[in-house]
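J.: Structure, please.
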Amino acid sequence: MAELSVLIVNYMTWNECVLALRSLRHYGPTRPDGAPMPYEAIVVDNLSPNRTPDGVAAVERELQAIREQQRDPEAGRLILHGENGGYSKGMNLAYAHARGRWILVSNPDLLFTPGLIQKLQRHLENDPRAGIVVPKGFWDTDFMGRLPPNTLPTIADAVITTLGEFSRTLSRWHARRLCRSWLRVWLAERPVALPMMSGCLFLVERRFFDAIGRFDEKFPLYYEDSDLSVAIRRAGRTVTQVPDAHLVHFVNRSGMSDPETMWKRHDQSRELYYRKWYGRFGAALLRWSRWLLSSPRLRRWKKAPPHGPMVDLGASAQKPVIVLPKRCERFLLLMSLDARFYLSGGVFGSGDRWTPSDVMFANFGCTTFYYKAYDLTGGRLQEIGQWKFRCLSHLGVPVPQAEAQAAAGAGSGGGA
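T.: Below you'll find the model as predicted:
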């Protein structure tokens, strides 16, 4: 019988789901003595509009291979859900069919790597303080682009980000503060407690997952991981990153497919989260924030990013080349879809220039990317430049200028 259950919710990501399942089959869990651990994979499709016979068959073939590998007719299951009730509802449906003591919650747009599951599981088994364990996240198979640790939404976060729209000084201070927090996590060589988990992949023990209430199905998309993180901390446990467990996550492939629905559900979930954990004050805070940001009277006081000089690299289907103003023994390059740099991936390097590898560039979406470089020489954090680049390539395929402009208007994104 399966001891570990891998739960995946799919939406418009059939190809990515196939690759995730294939990597799971190659790098499945093991027991402490190194022997294979019986596991199962349960995939719920949330009524994908592209639910074609070919897509279904491709996922079924991978699940059949897992059933054969595990010699268990129930070790691979595809549930074709009759509704799209959101990520939380789809994940709880998968969980209802899970048999394992250990629950591995996973997105479909990722790759399992050698030792990933074992390292997470050994830590969770041996650390009684840990409620959930997560890996270090990368967004390319070269393990160069580091994913940012999520920022737990708080009252202070909402106030700072709102007022930061009217103050370049405050906005830059907040971005620098976030960068310092990411650096601590990116450079950690020992397990570290995080204020918040990322819902793309985490491991939890079944009894604890039940005790904190599993996923709250009121959240249609996003903020379900914020919600769980608060519940974990209030239960007296930690969200712990295991630094030598590495994950490749291609980031938001489902969201790319339908950005309008993605943002609508994001905003709904944000309001639910603040109301749930901060009550009437949280709801009033969001109304205050929306009023400030949308008021015509205050529009002229808003300080649109970028908050400082930015070099325009133009638009191209070729890889960008960023030339630093000086040679650095070590630098950090932030990469973001947000010119304020409130959520950024990170790349470390040395020298006086940077360009993505072919493998990394194949993950770029057709959108505008913003870069900020810091000189880390001697342990300092000195900002040395900002750039923007309009990518005319989508997942490795050049995009005509007209289609790129249409995509920009629809708010599509990619990369980190």
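J.: Please enumerate the strands of the stretch 301-416 of the chain.
T.: Applying DSSP state E, counting those that start in this stretch to the stretch 301-416 of the chain gives strands spanning 311-316, 322-336, 344-354, 368-375, 382-391, 393-394, 397-398.
J.: so which of those strands comes closest to residue 80?
T.: Closest to residue 80 of these, according to Cβ to Cβ: strand 393-394, at 28.1 Å. Placement of C-beta: from N, CA and C, glycine included.
J.: Show me this structure divided up by domain.
T.: Following automatic domain parsing, the chain resolves into domains at 4-256, 311-410.
J.: hey, which helix is longest across this structure?
T.: Longest helix of the chain, by residue count under DSSP state H: helix 259-294.
J.: Centre of the chain to that helix, how far?
T.: Its chain's C-alpha centre and that of helix 259-294 lie 20 Å apart, by Cα atoms, centre = their mean, to the nearest Å.
J.: ranges for the helices of this structure?
T.: So, for the chain - with DSSP H - the helices run 14-26, 53-70, 87-96, 116-126, 155-163, 168-186, 206-211, 224-234, 253-257, 259-294, 358-361, 401-410.
J.: Just send those helices back as CSV, with mean pLDDT and mean neighbour count too.
T.: CSV is the format used below for the helices of the chain (pLDDT from 0 to 100; neighbours: other Cβ atoms under 10 Å):
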stretch, mean pLDDT, mean neighbour count
helix 14-26, 97, 20
helix 53-70, 97, 16
helix 87-96, 95, 21
helix 116-126, 97, 20
helix 155-163, 96, 15
helix 168-186, 96, 16
helix 206-211, 96, 14
helix 224-234, 95, 21
helix 253-257, 54, 21
helix 259-294, 92, 15
helix 358-361, 93, 16
helix 401-410, 54, 14
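J.: Including distance to residue 332, could these go into a markdown table?
T.: Formatted as a markdown table, the helices of the chain follow (distance: least, Cβ to Cβ, whole Å):
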| stretch | distance to residue 332 |
| --- | --- |
| helix 14-26 | 29 |
| helix 53-70 | 37 |
| helix 87-96 | 31 |
| helix 116-126 | 25 |
| helix 155-163 | 22 |
| helix 168-186 | 7 |
| helix 206-211 | 35 |
| helix 224-234 | 25 |
| helix 253-257 | 26 |
| helix 259-294 | 28 |
| helix 358-361 | 16 |
| helix 401-410 | 27 |
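J.: Nearest to residue 372, out of the ones you listed?
T.: That would be helix 168-186 among the helices of the chain, by Cβ to Cβ, at 7.9 Å.
J.: other SSEs contacting that closest one?
T.: With contacts taken as 3 or more Cβ pairs under 8 Å, 6 or more residues apart in numbering; DSSP states H and E, helix 168-186 sits against helix 155-163, strand 192-194, strand 322-336, strand 344-354.
J.: let's go with 7 Å and repeat that
T.: If you count contacts as 3 or more Cβ pairs under 7 Å, 6 or more residues apart in numbering; DSSP states H and E, helix 168-186 packs onto helix 155-163.
J.: Measure how the helix it packs on sits relative to helix 259-294, angle-wise.
T.: Relative orientation of helix 155-163 versus helix 259-294 (axes from the mean of the first three to the mean of the last three Cα atoms, to 10 degrees): 80 degrees.
J.: what's the angle from helix 155-163 to helix 168-186?
T.: 140 degrees.
J.: what sits up against helix 155-163?
T.: 151, 170, 174, 278, 285, 289, 292, 293, 342 (Cβ atoms under 7 Å, 6 or more residues apart in numbering).
J.: Out of the residues you listed, which is nearest to residue 183?
T.: Distances from residue 183 to the contacts of helix 155-163, taken by Cβ to Cβ, are shortest for residue 151, at 13.9 Å.
J.: quick revisit: which of the helices of the chain sits closest to residue 44?
T.: helix 87-96 (4.5 Å).
J.: So for stretch 368-377, what gets flagged as buried?
T.: Neighbour-count burial for stretch 368-377 flags 369, 370, 371, 372, 373, 374, 375, 376 (criterion: 16 or more other Cβ atoms under 10 Å).
J.: my read: the last one touches residue 332, true?
T.: Yes - distance between residue 376 and residue 332: 5.5 Å, which falls inside the contact criterion (Cβ atoms under 7 Å).
J.: contacting residues for the residue lying closest to residue 211 once chain neighbours are set aside?
T.: With sequence-adjacent residues excluded and distances taken as Cβ to Cβ, 6 or more residues apart in numbering, residue 211 is closest to residue 235, at 6.8 Å. Each residue near residue 235 by Cβ under 7 Å, 6+ apart is listed here: 131, 211, 212.
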